[in-house]
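Enquirer: my questions concern the predicted model and sequence given below.
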Amino acid sequence: MTVFIPRVPGTVPGGLGDPAYAMRYKKDTEPTSYENETHSIGFIGNANYLYDNRYFADLSMSYDGSSQFGSDNKFAPFWSVGAGWNLHREKFFPKAWKVNTLKLRYSYGITGNQEFKAYQAKTTLQFMTDRRYNTGMAALLMGYGNPHLKWQKKYDSNLGLDLVLAQRRLSLTFNYYNTKTDGMLADITVAPSVGLPSNTFTANLGKIRNQGYEANILGAIIRKPANQLEWSVSLQLAHNKNKLLEISEYLRNINNETNENKFTPGYIYEEGRSMNSIFAVRSLGIDPYTGKEIFIKKDGSLTYEWNAEDKVYCGKEDPKLFGNIGTNLYWRGWNLNAVFQFRLGSDIYNQTLAKRVEGADPNMNADRRVLNHRWKTPGDHARYRDIKEYTSNYISSRFIQRENMIQMTNISLSYEFDRDKISKYKLRTFRLSFYMNNPFRLSTIKEERGLDYPFERSYVFGLNVSF
Amino acid sequence: MRTKIFILLLAIMPLASCNDWLTVTPKGEAEAEDLLSNYSGYNKALSGIYYMLSSEELYGGELTYGLMDILGQYWDVSLILSHRYHEASKYNYTDQRTIGMIDKIWHKMYMCIAQCNLILESLEHNRSEITNSELIEGEAYALRAFCHMELFRLFGPVIRTESDLDKPAISYRREFNVTAQRFESGRSVLTKVKEDLNDALGLLMEDPIKTSNRYSDLNTSLMVYHDVLNYRGARMNYFGALGMLARAEQLLLKPDQALVYAERIIREIEENESGGRIRLLERSDMSNSDGRYNDRIFSMEMLFSLYRNDLYTAIEEVFPIDYAHHSGSKSLMIDDNLFSVYVNDVYQRGEGHGSDSRLKNWFDQGSYCGFSKMTESANPGFTKLPYDPEISLMRMSEVYYIAIESLIGVNNIKAVQYLNKVRESRNLEPLQNATYTDSELLEQLLAEQRKDFVGEGRIFLLHKRLNHEMYVSSRLTIQPSETIFVFPIPDAEYEYSPNEKPTN
């Protein structure tokens, strides 16, 4: 029960008629209220066309308005067109190929005005309800409104192929996509000294293109229902190429700051490069005579002195190819399932080497490489610098390594007893299972996993019984 | 089979005046442009800064009786390992709980600064239309200076010589934007502090606090209510800005300039004829034998205070009325040992401690000792309670202490005169003029401040400024060092600003 007394010093003129702003209320209570009002309006249209089950086309459009969008532009248009062709239904298609489905697809669409909320474009303050300052109501800065914020627009095109073969035992889906995002919205983190309550604000990052393909293959290699035997394998493959076509002013500023980093490479954004590029000063390795690192300056000359100005593009974290392999074998109640994950051709800045091998204090417990591979006396052809050097090491291309990795994500084995045989014990199902995650991992680089949170491997034995 | 399928779907909602329909301002929030278009909005935005300053994480706790007085060694939590201040009391600034408190201080102080900048930038466009805009703008300038100076005192280096003033310290933000700035030297920060304070003084020339009571409400209408006209003592006012200038000169190693400001304050408050003006405590103020009816926090002395509406509730939790209400990890307790340190060491037994108004009124002596400097007063049935839930940020005694410190080695006789004025007001016998050396006089000055500032978070930063050993008791002191005096700047600041963390 709340009592709202509007005529007391400091109550809020100007329509804050919400009980939470009352200055006095029943003893030991505090009114709270919640309100969220949004208005929206929409126009949508949709058309489909199908001809003889061979050709099809569709068109969809929408025009949405919402109060959640910024105050200058409240409408978000969207449209897409698509077309397809069922090749396998054509008369000229050879029946002898035993193709169940062969379909070609193409679509193109634009999503405009990806929503950002009004407070992201306008600076707002929030009225505090838990406490006043003496009799005064307090309003606190809530969010920084970025006056340069503009709508995000996304252009999608997609070319696809669906193929089903051999009495539907083998199916393949292939997609090629090209997505361009103009004015991509992102939350930018700022220093706490900027004084924003959340330490973030919303900005446009620029124009980004993602281009790539995905393939899905699913095959039943053995299928013998009579023998209760089936073995199937699935493969998912993907490749994505990320490219910054244009970067915004904010991103340029972030670059300037990140560029000055000496010890930990942050992301540096350069037009024409991936968003996940690594910039470092090129290195020739450790000088056998001095134990110091030799750097290559931007102009190609050599130096012992590290300078942030000499950072160049040295690789990107995006893998050339990544995906999953899954396999399942079933035979008379036994089921064996395994999932693998792989990632090929990504460049990684190996923090373990930088911080735990070169940055390690050899008087403490450390990686074996600290002892074996660090420079000790003149003439040593060592991979890591002078063992007597304790200072933090600079961002150097020496720590960038090419990673090819495959790991078994999990494996499980189970056995389910025949239902007919157990029914006399009044059991409906009786199933034993064993599960293990991360049984093994093969990688071309050695990195510590679980530096902050311990890496864990679990084994689970299970017994499922239902009556 | 040949088929054609065609579907069209169209949904339309009310079309009339679409843009109005789509404009919703959520209640409880306001766009800065709208809020800062009239006097009432500016008052709320300014109250927002005081609201934040008086919060538990800043002067409503950590920067006064909490973290700061732990570091000042007033409270003893050395045997309570689970206490939230246990690691802080050992100056362990790598402890996560302590880091959490320190990071919040940094962030919230800069949030206050951002709001000052928002108010100041907005006033550029409409100050002529805003009633009392001089007070609003003057307070915002002085608060911006105050917050920066406090950040410098906490996070900046120890200043022993002129060259220490050239070391990088913190950034001084004067614009409302999202660009992180480079750290500036202490000299540069403090020069800007003085500029802002002088701008503030110019705007606060007509501050009503110069002619009226510090707690008066000068509003004549509840319908058109100006928060800036109510209780000027609990806002950044003309005298507060002058006091801050004196502090800035001390930090800049300019004691002669600090003295000029201190004596100016002493002179100018005497020009105020009103009965409830700011003044030093008098013996008669503490005449009631039951401390609960006295103005125990000496509120008449406060040049600049913060009003924390829920102060008494918070104080009850931290300084409970008896053992049963103690929480092992949060409360601060004065046990027999600590109380005897207060009686014998802090309040200097043998030098008239028994009559000291502070010892008598702030500590409930008996089988259990509660710290009652800031507890709620008993309502004697008068219209005005003896005091309000205020947190002192600068009081009259400090003005005298600044003057005394400046006079040591220059005019010791006058220094002792000023010190005796404070001592007498606290019901102590005057020091005999005789023959104090400079360093003896400084020790006397520190001892007097130690008695005054318990619960006010001042003593730690005083020792930092003087790079003086921390006093725990007559048998124990802690050596001064950068390690204990300098707060670590949050890691996030280094990560997202052009400043890189210094490596050892």
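Expert: All right, it came through fine.

Enquirer: list the contacts for the closest residue in space to residue A:159 that isn't next to it in sequence?
Expert: Nearest non-adjacent residue to residue A:159, counting by CB to CB, 6 or more residues apart in numbering or on different chains: residue A:176, 4.6 Å away. Glycine gets a C-beta too; all of them are placed from N, C-alpha and C. Neighbouring residues of residue A:176 by CB atoms under 8 Å, 6 or more residues apart in numbering or on different chains: A:158, A:159, A:160, A:212, A:213.

Enquirer: so which strand or helix has the fourth one?
Expert: I take that to be residue A:212. Assigned by DSSP states H and E, residue A:212 belongs to strand A:206-224.

Enquirer: also the third one?
Expert: In the assignment (DSSP H and E), residue A:160 maps to strand A:152-165.

Enquirer: could you look up the SS state of the residue of the stretch 1-150 of chain B found nearest chain A?
Expert: Closest to chain A within the stretch 1-150 of chain B is residue B:114: 2.9 Å, counting by CB to the nearest CB. For residue B:114, the assignment made with DSSP: H, G, I helix; E, B strand; the rest coil gives helix.

Enquirer: what is the rounded mean pLDDT of stretch B:81-97?
Expert: The average pLDDT within stretch B:81-97 is 94.

Enquirer: what about it, how long is it end to end?
Expert: Stretch B:81-97 has an end-to-end distance of 13 Å (criterion: CA to CA, to the nearest Å).

Enquirer: just how off-centre is it within its chain?
Expert: 22 Å (CA atoms, centre = their mean, to the nearest Å).

Enquirer: which other residues reach that stretch?
Expert: B:66-67, B:70-71, B:73, B:75-78, B:80, B:98-99, B:101-102, B:328-330, B:332, B:483-484, B:487-488.

Enquirer: how is the residue nearest to residue A:159 assigned, secondary-structure-wise?
Expert: Note that with three-state DSSP, the state of residue A:176 is strand.

Enquirer: which pLDDT value does the model give it?
Expert: 96.

Enquirer: and for residue B:386?
Expert: So, for residue B:386, pLDDT stands at 69.

Enquirer: one step back: whichever of the contacts of residue A:176 end up buried, select them in PyMOL.
Expert: With 16 or more other CB atoms under 10 Å in any protein chain shown as the criterion, this PyMOL line picks the buried residues out of the contacts of residue A:176:
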select buried, chain A and resi 158+160
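
Enquirer: what's the distance between residue A:127 and residue A:141?
Expert: 12 Å (CB to CB, to the nearest Å).

Enquirer: ditto for residue B:478
Expert: Taking CB to CB, one finds residue B:478 at 39 Å from residue A:141.

Enquirer: those two: which has the busier surroundings?
Expert: Neighbour totals were compared for residue B:478 and residue A:141, and residue A:141 leads with 25 against 15 (other CB atoms under 10 Å in any protein chain shown).

Enquirer: can you tell me the element that one falls in?
Expert: strand A:139-143.

Enquirer: go on, residue B:403?
Expert: Assigned by DSSP H and E, residue B:403 falls in helix B:396-407.

Enquirer: ok, residues contacting that helix?
Expert: Counting by CB under 8 Å, 6+ apart, B:243, B:246-247, B:250, B:255-256, B:258-259, B:261-263, B:265-266, B:269, B:278-281, B:301-303, B:414-415, B:418-419, B:421-422, B:425, B:441-442, B:445, B:448-449, B:452, B:458 sit against helix B:396-407.

Enquirer: ok, and for it, which residues are buried?
Expert: Quick answer for helix B:396-407 (16+ other CB under 10 Å): B:396, B:397, B:398, B:399, B:400, B:401, B:402, B:403, B:404, B:405, B:406, B:407.

Enquirer: next structured bit after that helix?
Expert: With DSSP H and E setting the assignment, the helix or strand that follows helix B:396-407 is helix B:412-425.

Enquirer: can you show me the CA trace of that next one as CSV?
Expert: In CSV, the C-alpha atoms belonging to helix B:412-425 read as follows (Å, rounded to 0.1, in the frame of the first residue of the first chain):
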residue,chain,number,x,y,z
ASN,B,412,55.5,30.0,15.9
ILE,B,413,53.9,32.3,18.4
LYS,B,414,51.0,33.0,16.1
ALA,B,415,50.8,29.3,15.3
VAL,B,416,50.4,28.4,19.0
GLN,B,417,47.7,31.2,19.3
TYR,B,418,45.7,29.6,16.5
LEU,B,419,46.2,26.1,17.9
ASN,B,420,45.0,27.3,21.3
LYS,B,421,41.9,28.8,19.8
VAL,B,422,41.0,25.3,18.5
ARG,B,423,42.0,23.6,21.8
GLU,B,424,39.9,26.0,23.8
SER,B,425,36.9,25.5,21.6
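
Enquirer: buried set for it?
Expert: B:412, B:415, B:416, B:418, B:419, B:420, B:421, B:422, B:423, B:425.

Enquirer: quick one, that helix and helix B:396-407 angle?
Expert: If you take axes from the mean of the first three to the mean of the last three CA atoms, to 10 degrees, helix B:412-425 sits at 160 degrees to helix B:396-407.

Enquirer: any idea of the mean pLDDT for helix B:412-425?
Expert: Helix B:412-425 comes out at a mean pLDDT of 94.

Enquirer: tell me the pLDDT of residue A:457.
Expert: pLDDT, residue A:457: 77.

Enquirer: same check, this time on residue B:112
Expert: At residue B:112, pLDDT is 98.

Enquirer: residues near it, how many?
Expert: So residue B:112, with other CB under 10 Å, has 25 neighbours.

Enquirer: surely it meets residue B:148?
Expert: No - contact criterion CB atoms under 8 Å: residue B:112 and residue B:148 do not qualify, at 9.9 Å.

Enquirer: kindly export the strand holding residue A:160 (C-alpha atoms) in CSV.
Expert: The C-alpha trace of strand A:152-165 is given here as CSV (Å, rounded to 0.1, in the frame of the first residue of the first chain):
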residue,chain,number,x,y,z
GLN,A,152,23.1,-0.4,-39.5
LYS,A,153,22.2,-1.8,-42.9
LYS,A,154,22.9,-5.4,-43.9
TYR,A,155,23.0,-6.8,-47.4
ASP,A,156,22.8,-10.6,-47.7
SER,A,157,23.3,-12.8,-50.7
ASN,A,158,23.2,-16.5,-50.6
LEU,A,159,23.7,-19.1,-53.3
GLY,A,160,22.9,-22.7,-52.4
LEU,A,161,22.7,-26.2,-53.6
ASP,A,162,20.8,-29.2,-52.1
LEU,A,163,21.7,-32.7,-53.3
VAL,A,164,20.2,-36.0,-52.1
LEU,A,165,21.5,-39.3,-53.5
